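In: sequence first, predicted coordinates after that:
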2 protein chains.
Amino acid sequence: MFRNTMPRYEVLSEDAMATLDGGWRRLMSEVGVEFMDERALDLFRKAGQKVEGNAVFLDPDFVLEQVAKAPAEFDLQARNPDNNVHIGGDAMAFSAVYGPPFVREGDVRRDGTMDDFRNFARLAQGFSVLDSAGGVVTEPNDAPLDSRHLDMTYALQTLTDKVYMGNVVSGVNAADTIAMTEILFGSREAIEETPALISLINCNSPLRWDDRMLEAQFEYTSANQPVVLTPFIMMGAMSPVTIPAALVQQITEALSGIALSQLIRPGAPVVFGSFLTNIDMQSGSPTFGTPESGIGLLCTGQIARHFNLPFRTGGGLTSSQVPDAQAGYEALMTLMPTFLAGANWVMHSAGWLEGGLVAGFEKFVIDAQLVEMLQHEFTPMEIDEASLAFDAHQEVGHGGHFLGAMHTMERFRTCFYRPFLNSSDNYERWMRNGAKDTATRAGEIYKKRLEEYEAPPIDDAIREELEAYVTRRRAELGD
Amino acid sequence: MFRNTMPRYEVLSEDAMATLDGGWRRLMSEVGVEFMDERALDLFRKAGQKVEGNAVFLDPDFVLEQVAKAPAEFDLQARNPDNNVHIGGDAMAFSAVYGPPFVREGDVRRDGTMDDFRNFARLAQGFSVLDSAGGVVTEPNDAPLDSRHLDMTYALQTLTDKVYMGNVVSGVNAADTIAMTEILFGSREAIEETPALISLINCNSPLRWDDRMLEAQFEYTSANQPVVLTPFIMMGAMSPVTIPAALVQQITEALSGIALSQLIRPGAPVVFGSFLTNIDMQSGSPTFGTPESGIGLLCTGQIARHFNLPFRTGGGLTSSQVPDAQAGYEALMTLMPTFLAGANWVMHSAGWLEGGLVAGFEKFVIDAQLVEMLQHEFTPMEIDEASLAFDAHQEVGHGGHFLGAMHTMERFRTCFYRPFLNSSDNYERWMRNGAKDTATRAGEIYKKRLEEYEAPPIDDAIREELEAYVTRRRAELGD
């Protein structure tokens, strides 16, 4: 997996950090956070925190004591050990888009299906820059509602041998996902020892954790599986319109959820989550790749390090409806700060289109290209005497060229990163080859990747056990 | 103009800088640099440097003494004082694409014309993020060859009231440009006092300064007009294939040209130039927005600061043939590091397409959008108690929304940057409005801007004097 050993780009001064620190302490203790779950309220009450209705008024120092129990880094195992992931420190793990109800291929935009889900899982398996297909890479609208979490989990387990994300629609779904993961990895002990599932728990921002998300959090955290506690903030709607206010709210929400996790199971792995952008104040539409979200992202990294927590943010976000210029630059407007901040768990790394409503096949390829380019850009170069190539200068002299120099001949195959999507063909050649724009080429690439796809081998007995589980539970759930 | 007061992103360690320092000293003194101009060789000889044929073997400490005479920052005056530019420090000035023989509008790619040149100049005047139309915004292929520098200069002087770049095809052209600038600003003294022209002097990399460029440099530097001394390096062709070698070569070339400028006129303003990317080692094509060029760009900023010189690099570069996703993300792959490095003079900020062979009208709009977004992103936010919006949280409470909060109502018009090109329309609305992709919208915008264009007022007497100069010189040049 990728490790980002380049410097971090930090924009908050010590004074700024102190102001934010004062801000979340006040918000946490005076406005408090709602938890729509009796078990959560009980845990806080027993820990001596003030509870009124569903609102918990947390003592900031108590929160920090809980946060300190969470590991700064942890491992996540895949069924293929080569695809194990480390979360935290300088490690960066990338997973595909999560949640879109629609898909786009070429000019067609339509409801996502289970077939689409499987194809995206296959693509995620095939692109080496992706550490995971994620979870709901598209919503499979043609699969029965109550049991589709079984179909999705089974697809992620069998079509990929990378880590995957857990279903969070309800506590029941979470329990199913854990049970299927126990089957895949042999036992509950095996996955409690080294976690094998990571799950996204979104806050109903501002300042409320909803019942179903909390049910799922209880399941996963009890099983020692990491949860990504994510304030879901579109500034102007779910938070005030100023970035500092959004950051303070984000800290309050994330730390309150992390405190709960440590009451459920001290030492359980968590990720400081962030999904932070702003709306267009004229139309109310969410916007992505904005200057404000870029700054928020950089600040988030610095804040998470301040609390010694691994963090999730970033991705290839865009508002664009199609994989055009805007889609390309908005995705990079988020992905570049993602690398500058050194985000540890990067969701929506590939395929995000139209504000997250659409999983785009062409966009998936474009984003994979961007992540691969950035991984090369954020790999430190070696600077030593040999790299200065003094001999090559003596060989070539003034006004010559280096194409045939010995130094070049020895290195030309590997010296530069070679993109798989970008075209640098001259105009005549590009015309001869059909004058294909980037989206067209990306369309050819994903189709070829799907043709070339080979399913990673899986033990027959395990596959049968997983199938039996799905069949039994589907019947029990009435689908 | 824009000032970048955000932190610089620096990737070179002290050790790395010391290695590069040893590298350029050796290259400068042992391989040397060729100057294809007798006056230049004479100046170096008289200053005690070793000259053999056209090669000058420069003493590195002598070079640094010369470099120290160059100002770290300087002003450049425009005929409208509101458009004066500062070069150096935290100032960043942006100019349009420079040099393309072709233009693209929509699906049409064709030879650039004087009409195209004028239209690009009008666009540069209209977009406030651009400080200059630059120089050869497209090559006006329908204008007579020997006198087209007069037409271009006249267009830049009259259609814009921003700073502009000087012609460098020959010493004669440079002298004409200076003479026309003297007319515009009233006298030679006026422009020697505060420079009014900036010119691009490219190195014939590796390690050779050609005769015509040097002729132009002599004219401009003698007149105290800044020159941007720019190694033109496509790694693999004009330099070895390793980034450190390219950086060492770049330092050697730039500093040798700067040393010459200080021998011509001590204290004359200069800019440490960089045009640094790599070729595709399979096809030999130049590539842009690459990981290697991004790293090179970041290093260049750090190196220029090391020598206390203003620097030029960056822009909206791409290999793409059309304004598609690749054009968007490759442009940003260069523009984002341009801001992270804090480049002082940014050429090719708008309109660059197809490796610089094409000036694209749609791409011009896309790039202007990117620069404007980045200017907002690289503006530090205020973090104080008021920005934390505690009252808004008390007003809205848990799970509510901030759309109607007092804090929002007071700020909603200006709180977020609002792009002019990006679409965040929902799908239905976007379809209703014609399902226009970014390039299509960009096409509408540049046409509207051209319709709305108003020429900045100019004194009739000055205009007549400029016209008389052009008419007289055109006749003398035989066109």
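Out: Received it, and whenever you're ready, just let me know what you need.
In: isn't residue A:398 up against residue B:36?
Out: No. The pair residue A:398 / residue B:36 is not scored as a contact, 9.5 Å apart, by CB atoms under 8 Å. For every residue, glycine as well, the C-beta is placed using N, CA and C.
In: now do the shared contacts for those two.
Out: Counting by CB atoms under 8 Å, 6 or more residues apart in numbering or on different chains, the contacts common to residue A:398 and residue B:36 are B:54, B:208.
In: measure the residue nearest the centre of chain A to chain B for me?
Out: In chain A, the residue lying closest to the centroid (CA atoms, centre = their mean) is residue A:347, at 1.5 Å. Distance, residue A:347 to chain B, using CB to the nearest CB, to the nearest Å: 20 Å.
In: same question for residue A:146.
Out: 26 Å.
In: now that residue. Nearest residue, chain neighbours left out?
Out: residue A:477 (4.4 Å; CB to CB, 6 or more residues apart in numbering or on different chains).
In: give me phi/psi at the one you found?
Out: Backbone torsions for residue A:477, taken as degrees, to the nearest 10, come to phi -80, psi 0.
In: now do it, the pLDDT please.
Out: Listed pLDDT for residue A:477 reads 96.
In: helix, strand or coil for residue A:249?
Out: Here residue A:249 is recorded as helix under DSSP: H, G, I helix; E, B strand; the rest coil.
In: in contact with it, which residues?
Out: A:27, A:205, A:206, A:207, A:231, A:233, A:239, A:240, B:393.
In: which of those residues ranks first by neighbour count?
Out: residue A:239 (31 neighbours; other CB atoms under 10 Å in any protein chain shown).
In: what sits closest to that one if chain neighbours are left out?
Out: Per CB to CB, 6+ apart, closest to residue A:239 is residue A:246, 4.2 Å.
In: distance of that neighbour relative to residue B:365?
Out: 30 Å (CB to CB, to the nearest Å).
In: who's more crowded, these two?
Out: residue A:246 (33 against 28).
In: quick check: that one touching residue A:236?
Out: No. Contact criterion CB under 8 Å: residue A:246 and residue A:236 do not qualify, at 9.3 Å.
In: identify the contacts common to the two.
Out: Joint contacts of residue A:246 and residue A:236 (CB under 8 Å, 6+ apart) do not exist.
In: tell me which element the residue nearest to residue A:239 falls in.
Out: If you go by DSSP states H and E, residue A:246 is part of helix A:243-264.
In: and that helix, what's buried?
Out: For helix A:243-264, a neighbour-count test (16 or more other CB atoms under 10 Å in any protein chain shown) marks A:243-264 as buried.
In: how distant is that helix from the center of its chain?
Out: 18 Å (CA atoms, centre = their mean, to the nearest Å).
In: so what's the residue lying closest to residue A:135 once chain neighbours are set aside up against?
Out: Counting by CB to CB, 6+ apart, residue A:135 lies nearest to residue A:165, which is 3.2 Å off, once chain neighbours are set aside. Contact partners of residue A:165, counting by CB under 8 Å, 6+ apart, are A:95, A:98, A:132, A:134, A:135, A:136, A:156, A:197, A:198, A:199, A:200.
In: so after the helix holding residue A:246, what's the next helix or strand?
Out: Next along from helix A:243-264, by DSSP H and E: strand A:270-273.
In: say whether chain B is contacted by whichever helix or strand comes after that following strand.
Out: As assigned by DSSP H and E, the chain's next helix or strand after strand A:270-273 is strand A:275-279. Yes. Residues of strand A:275-279 contacting chain B under CB under 8 Å from any CB of the partner chain: A:278, A:279.
In: repeat that for stretch A:104-113.
Out: Yes. Against chain B, stretch A:104-113 shows contacts by CB under 8 Å from any CB at residue A:109.
In: which residues touch that stretch?
Out: Contacts for stretch A:104-113 (CB under 8 Å, 6+ apart): A:100-103, A:138-143, A:321-323, A:353-354, A:358-363, A:443, B:427.
In: among those, which lie within helices?
Out: A:361, A:362, A:363, A:443, B:427 (DSSP state H).
In: scan these and report the most crowded one.
Out: In the ones in helices among the contacts of stretch A:104-113, the most neighbours by other CB under 10 Å go to residue A:363, 31 neighbours.
In: measure that residue to residue A:449 for me?
Out: 14 Å.
In: need the contact list for residue A:55.
Out: A:32, A:33, A:34, B:398 are the contacts of residue A:55 under CB under 8 Å, 6+ apart.
In: which of those has the most neighbours?
Out: residue A:33 (27 neighbours).
In: is that residue in a bridge, and if so with what?
Out: Beta-bridge pairing for residue A:33 (DSSP bridges): residue A:56.
In: go ahead and confirm it touches residue A:209.
Out: Yes. Counting by CB under 8 Å, residue A:209 is a contact partner of residue A:33 at 7.0 Å.
In: what sits in contact with each of those two?
Out: A:253, A:256.
In: what's the neighbour count on residue A:272?
Out: 31.
In: ok, it to residue A:288 distance?
Out: Taking CB to CB, one finds residue A:272 at 21 Å from residue A:288.
In: same check on residue A:473?
Out: Taking CB to CB, one finds residue A:473 at 36 Å from residue A:288.
In: tell me which of these two has more neighbours.
Out: A count of neighbours by other CB under 10 Å puts residue A:288 above the other of residue A:473 and residue A:288, at 27 against 19.
In: what count of nearby residues applies to the nearest residue to the more buried one once chain neighbours are set aside?
Out: In space, and not counting its chain neighbours, residue A:288 is closest to residue A:317: 3.8 Å by CB to CB, 6+ apart. Other residues within reach of residue A:317, judged by other CB under 10 Å, total 28.
In: equivalent analysis for residue A:432, please.
Out: 10.
In: check residue A:461 too.
Out: 9.
In: next one: residue A:154
Out: Count around residue A:154 with other CB under 10 Å applied: 17.
In: what does residue A:266 give?
Out: By the criterion of other CB under 10 Å, residue A:266 has 10 neighbours.
In: residue A:29 now?
Out: Neighbours of residue A:29 under the rule other CB under 10 Å: 18.
In: same thing with residue A:50?
Out: 13.
In: can you tell me which residues contact it?
Out: A:32, A:56, A:57.
In: and the first one, how close does it get to chain B?
Out: Note on residue A:32: its distance to chain B, by CB to the nearest CB, is 8 Å.
In: I'd say that residue and residue A:207 touch.
Out: Yes. Residue A:32 lies in contact with residue A:207 (CB under 8 Å); the separation is 7.2 Å.
In: many thanks, we can stop here.
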